[in-house]
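[1] Take this sequence and fold it.
(6 chains)
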Number of protein chains: 4
Amino acid sequence: MPRLSDQQREARREQILTAALHCVARQGFHKTSMAEVISASGLSAGAVYGYFRGKAELIAALADRSIGMVSPALDEAIAADPPPSIPEVLRRAAAAIEELAAAADVDVTRVATAAWAEAARDETVRALVAERITGLREKYAEFLRRRRDLGELEADVDVDAAAQVMLATMPGFIIQRLVVGDVDSESLARGAHGLGLR
Amino acid sequence: MPRLSDQQREARREQILTAALHCVARQGFHKTSMAEVISASGLSAGAVYGYFRGKAELIAALADRSIGMVSPALDEAIAADPPPSIPEVLRRAAAAIEELAAAADVDVTRVATAAWAEAARDETVRALVAERITGLREKYAEFLRRRRDLGELEADVDVDAAAQVMLATMPGFIIQRLVVGDVDSESLARGAHGLGLR
Amino acid sequence: MPRLSDQQREARREQILTAALHCVARQGFHKTSMAEVISASGLSAGAVYGYFRGKAELIAALADRSIGMVSPALDEAIAADPPPSIPEVLRRAAAAIEELAAAADVDVTRVATAAWAEAARDETVRALVAERITGLREKYAEFLRRRRDLGELEADVDVDAAAQVMLATMPGFIIQRLVVGDVDSESLARGAHGLGLR
Amino acid sequence: MPRLSDQQREARREQILTAALHCVARQGFHKTSMAEVISASGLSAGAVYGYFRGKAELIAALADRSIGMVSPALDEAIAADPPPSIPEVLRRAAAAIEELAAAADVDVTRVATAAWAEAARDETVRALVAERITGLREKYAEFLRRRRDLGELEADVDVDAAAQVMLATMPGFIIQRLVVGDVDSESLARGAHGLGLR
DNA sequence: AATGAATGAGACTTCATTCAT
DNA sequence: AATGAATGAAGTCTCATTCAT
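    The predicted structure follows:
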């Protein structure tokens, strides 16, 4: 076989990541065996190891991706002009997550859950997830600045702390959704409104 | 040999759980081997298996306990009379978590993180964690009812949805704390206040 | 099972080493798989790994032992009083090696051959083999000192250098024996005599 | 594509063998992977397999070469006229080995060591090494005949047995040199002299 | 002729669990 | 009740070799 183009290589990598995402969504990182990923990817063991040095590297890529997938969805919710109310943004973010969870027969939120746990014990994953979280928070901060500049938040608001709080709701939303199953984007928005957020 | 008293049995169980908590806080559920737990507990393999049917049962007990440990801390925060402001309750809850995390050379929040992930893939754990979450939410709901009755929330507020939102902040707080490391109870309260919560 | 006595442990270790010696004599260290050793030993994989941390440790033990097995045989040859002639000692040493090679359906000289090669690439094995070689050389030196004191060697002979030379003949004897097959203890002694050694 | 000239083919073969020699000197035959040889040779996998049927053939070629490299060095030592004393010939042979070991950033003596071990377990390699050994011994025999004819050895000396002994010292010299590190051509000659060789 | 990605058997090792003592 | 040695299935990864291009 001649040398693969970068594009072809990327496609194969994608193929493996997608297959792995399926497995991990069902069983978590450490109950998913490489054999399962290999079989699901349709490639051979050797081929998979040609794209990922080992399970750790694959886990890191999946952790990064699972959390990264939320980002574009959030962008949309936040970019709207004029900036929606806080409950509305939370609703949109949650709705994006719901959509993500329902999409393509893989529930990425399950993988995200595994990613948080992995971040707590693996420095490489921690750094990747930290980067993602920081990125997401910056989006919320940007949104809040726009609301503040419109006079809908106090002028001296600590935008970064407020962004931390807004982002903080998402893991809890995801967990309650997966584990208890009685929350959705509407209830989240209603609850936020009920607490007095505007 | 003489049957152990219930009290002795309970002490042994505790000994095992404490040892396991140490291991899991460092390595997560699935990177912690039974051999490690056995060695850390100071008991023999056979003894440990006399108290827990297998690793799954041990994991379930640890997941339950790790999340359960937050509950008493929250009680205090919420029970105060008159009911504190929402940012203040969040601050107290977060402070309780900080204390828990710092205590006794085991950071239970790391175990909680593993518990959420496990809940997403194991029905038994899911049920236990769901129960815990529901219990915690009920505490928040109770708190919110008292605030409502004092006229500090609108009369028709959906208390359960609002409790979902309050609880939802905790996992996000824990994760940001472990992974990014730049949040604390003060920033959480400040952010909540900045968003307009009272 | 209750704790094994040191003696029982030692017996098991021996059982594994003996099985491994068989395999290695036929296939060398690196073509012998742990599965083969495990199967030949009659134990389970886990049991074998309870006695040796890994293949490297097993190899080191085998290398050490294979070279160590020559030592007692040499002792006898050298201890004789009055000290035999040099060709005679070489003959006896070679005869001891022949006996060793024929014994117990394992040809240890094949393992020794593998041990020399391994010593050239693994520091741990190198150190062990170096120790063994030094020990053997000291025996030859002792023998030579006795000959010298009897006036059968010049008074100012460099005993250690001479011992190096005597020992040096053994690997070459073993290799020619295994590879060409036309040398034996008699031809070695005859050759030594022919070269003028007395 | 145009057929390569024999000369080009030979150059490529050489390139591969040289690269492989490097790898094997460091890691032995079986810890050297084809991938390493391929990468070190600068060719592609397919190309390498165009010159050697497989790893076994490559090993055989390396074994043959590593032992063969001693031969020309020995020739010189032996050809001198009048024939030097036995200690002197041993010194020259050992000095030739020292030079070989120091040359060109590959220590061939390490490969020779691997070759002996391989000869003990692979019939093809055994035959090749046997041939080499026989050839070397014949050179020693020739040398001894000349010494005998000069009256410096007894007339009825078993020249072949004596050649076996002379050759036998070389592996032991190489091993002690690599493993213990305290022998050199001078100590070898001194020791031989001390034992009474002339 | 050459390339190098892909193959897949098999290597080493771990580990949850059992059970003879 | 307790012990801890033993089990053996299963996990991760490597590597000699092939063959489509």
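[2] and A:L100, what element?
    Assessed by DSSP states H and E, A:L100 sits inside helix A:86-102.
[3] which helices and strands does that helix pack with?
    helix A:70-79, helix A:108-119, helix A:159-175, helix A:185-194 (3 or more Cβ pairs under 8 Å, 6 or more residues apart in numbering or on different chains; DSSP states H and E). (Glycine included, C-beta is placed from N, CA and C.)
[4] between these, which gets nearest to chain C?
    helix A:108-119 (27.6 Å; Cβ to the nearest Cβ).
[5] That closest one near chain B anywhere?
    Yes. With Cβ under 8 Å from any Cβ of the partner chain as the measure, helix A:108-119 is seen reaching chain B through A:R110, A:T113, A:A114, A:W116, A:A117, A:E118, A:A119.
[6] ok and that helix relative to helix B:159-175, angle-wise?
    Comparing the axes of helix A:108-119 and helix B:159-175 via axes from the mean of the first three to the mean of the last three Cα atoms, to 10 degrees yields an angle of 40 degrees.
[7] re earlier: going by distance to chain B, which of the residues of helix A:108-119 next to chain B wins?
    For the residues of helix A:108-119 next to chain B, the nearest to chain B is A:A117 (3.8 Å; Cβ to the nearest Cβ).
[8] Looking at the closest one now. What's its pLDDT?
    We have a pLDDT of 98 for A:A117.
[9] contacting residues for the nearest residue to it once chain neighbours are set aside?
    Excluding its sequence neighbours, the residue lying closest to A:A117 (Cβ to Cβ, 6 or more residues apart in numbering or on different chains) is B:A117, at 3.8 Å. Shown in contact with B:A117 (Cβ atoms under 8 Å, 6 or more residues apart in numbering or on different chains): A:G28, A:T113, A:A114, A:W116, A:A117.
[10] For chain A, what lies in contact range of DNA strand E?
    A:M1, A:P2, A:R3, A:L4, A:R12, A:L43, A:S44, A:A45, A:G46, A:A47, A:Y49, A:G50 (Cβ under 7 Å from any atom of the strand).
[11] And the most centrally placed residue in chain A, which helix or strand is it part of?
    Nearest to the geometric centre of chain A sits A:I67, at 2.6 Å (Cα atoms, centre = their mean). Counting by DSSP H and E, the element that carries A:I67 is helix A:55-68.
[12] OK, contacts around A:I38?
    Going by Cβ under 8 Å, 6+ apart, the list of residues near A:I38 reads A:S44, A:A45, A:V48.
[13] can you pull the contacts of A:A60?
    So A:A60 contacts A:D122, A:T124, A:V125, A:L128 (Cβ under 8 Å, 6+ apart).
[14] Quick one: which of those is the most crowded by neighbours?
    Each of those was scored by neighbours using other Cβ atoms under 10 Å in any protein chain shown; the highest score is A:V125's, at 26 neighbours.
[15] Need the phi and psi values for that residue.
    Backbone torsions for A:V125, taken as degrees, to the nearest 10, come to phi -60, psi -40.
[16] How is chain A partitioned into domains?
    A:6-58, A:66-194 (automatic domain parsing).
[17] quick one on the thing from earlier: of the contacts of B:A117, closest to B:F173?
    Nearest to B:F173 among these, counting by Cβ to Cβ, is A:W116 at 12.2 Å.
[18] Now for the closest one, how many residues are close by?
    A:W116: 27 neighbours (other Cβ under 10 Å).
[19] Spatially, what comes nearest to it if we skip its sequence neighbours?
    B:I175 (5.1 Å).
[20] Hmm, that neighbour is touching A:A115, no?
    No. Using Cβ atoms under 8 Å, B:I175 is not in contact with A:A115; the gap is 9.8 Å.
[21] In which helix or strand does the residue nearest to A:R65 when sequence neighbours are not counted reside?
    Distance criterion Cβ to Cβ, 6+ apart; nearest residue to A:R65, sequence neighbours excluded, is A:L17 at 6.4 Å. A:L17 is part of helix A:6-31 when elements are defined by DSSP H and E.
[22] pLDDT below threshold where in chain A?
    Scanning chain A for pLDDT under 70 picks out A:1-2.
[23] Point me to the residue of it nearest DNA strand E.
    A:G46 (2.0 Å; Cβ to the nearest atom of the strand).
[24] sorry, back to before: mind putting the residues of helix A:108-119 next to chain B in JSON lines, distance to DNA strand F included?
    JSON lines is the format used below for the residues of helix A:108-119 next to chain B (distance: Cβ to the nearest atom of the strand, whole Å):
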{"residue": "A:R110", "distance to DNA strand F": "18"}
{"residue": "A:T113", "distance to DNA strand F": "19"}
{"residue": "A:A114", "distance to DNA strand F": "14"}
{"residue": "A:W116", "distance to DNA strand F": "20"}
{"residue": "A:A117", "distance to DNA strand F": "16"}
{"residue": "A:E118", "distance to DNA strand F": "14"}
{"residue": "A:A119", "distance to DNA strand F": "19"}
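[25] Type out the PyMOL command that picks the buried ones from these.
    Listed next is the PyMOL selection for buried residues among the residues of helix A:108-119 next to chain B, using 16 or more other Cβ atoms under 10 Å in any protein chain shown:
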select buried, chain A and resi 110+113+114+116+117+118+119
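[26] Could I get the residues of helix A:108-119 next to chain B in JSON lines, plus columns for distance to A:Q164?
    Formatted as JSON lines, the residues of helix A:108-119 next to chain B follow (distance: Cβ to Cβ, whole Å):
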{"residue": "A:R110", "distance to A:Q164": "24"}
{"residue": "A:T113", "distance to A:Q164": "20"}
{"residue": "A:A114", "distance to A:Q164": "23"}
{"residue": "A:W116", "distance to A:Q164": "16"}
{"residue": "A:A117", "distance to A:Q164": "20"}
{"residue": "A:E118", "distance to A:Q164": "22"}
{"residue": "A:A119", "distance to A:Q164": "17"}
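[27] that older thread, would you check that the residue nearest to A:R65 makes contact with A:L62?
    Yes. Counting by Cβ under 8 Å, A:L17 touches A:L62, with 6.6 Å between them.
[28] Between those two, which has more neighbouring residues?
    A:L62 (28 against 20).
[29] Quick check, the more buried one in contact with A:H22.
    No. In this structure, A:L62 is not within contact of A:H22 by Cβ under 8 Å, at 10.6 Å.
[30] which residues do the two both contact?
    With Cβ under 8 Å, 6+ apart, A:L62 and A:H22 have no common neighbours.
[31] Now tabulate the helices and strands packed on helix A:86-102 in JSON lines and tack on distance to B:L188.
    Converted to JSON lines, the helices and strands packed on helix A:86-102 look like this (distance: least, Cβ to Cβ, whole Å):
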{"stretch": "helix A:70-79", "distance to B:L188": "20"}
{"stretch": "helix A:108-119", "distance to B:L188": "18"}
{"stretch": "helix A:159-175", "distance to B:L188": "6"}
{"stretch": "helix A:185-194", "distance to B:L188": "16"}
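[32] Out of those helices, the one nearest C:Q164 is which?
    helix A:108-119 (58.2 Å).
[33] Next, the angle from that closest one to helix A:6-31.
    Using the same axes, to 10 degrees: helix A:108-119 against helix A:6-31 is 70 degrees.
[34] okay, the angle between helix A:108-119 and helix A:86-102?
    Using the same axes, to 10 degrees: helix A:108-119 against helix A:86-102 is 100 degrees.
[35] returning to that earlier point: count of residues packed around the residue nearest to A:W116?
    For B:I175, using other Cβ under 10 Å, the count is 28.
[36] give the contact list for it.
    A:W116, A:A119, A:I133, A:P171, B:T113.
[37] rerun at 10 Å
    Residues near B:I175 by Cβ atoms under 10 Å, 6 or more residues apart in numbering or on different chains: A:115-117, A:119-120, A:129-130, A:133, A:167-168, A:170-172, B:109, B:112-113, B:116, B:183.
[38] go on, A:A19?
    Taking Cβ under 10 Å, 6+ apart, one finds A:E36, A:V37, A:I38, A:S39, A:A40, A:S41, A:G42, A:L43, A:V48, A:V106 in contact with A:A19.
[39] Of the residues you listed, which count as buried by neighbour count?
    Buried among the contacts of A:A19 by 16+ other Cβ under 10 Å: A:E36, A:V37, A:I38, A:A40, A:S41, A:L43, A:V48, A:V106.
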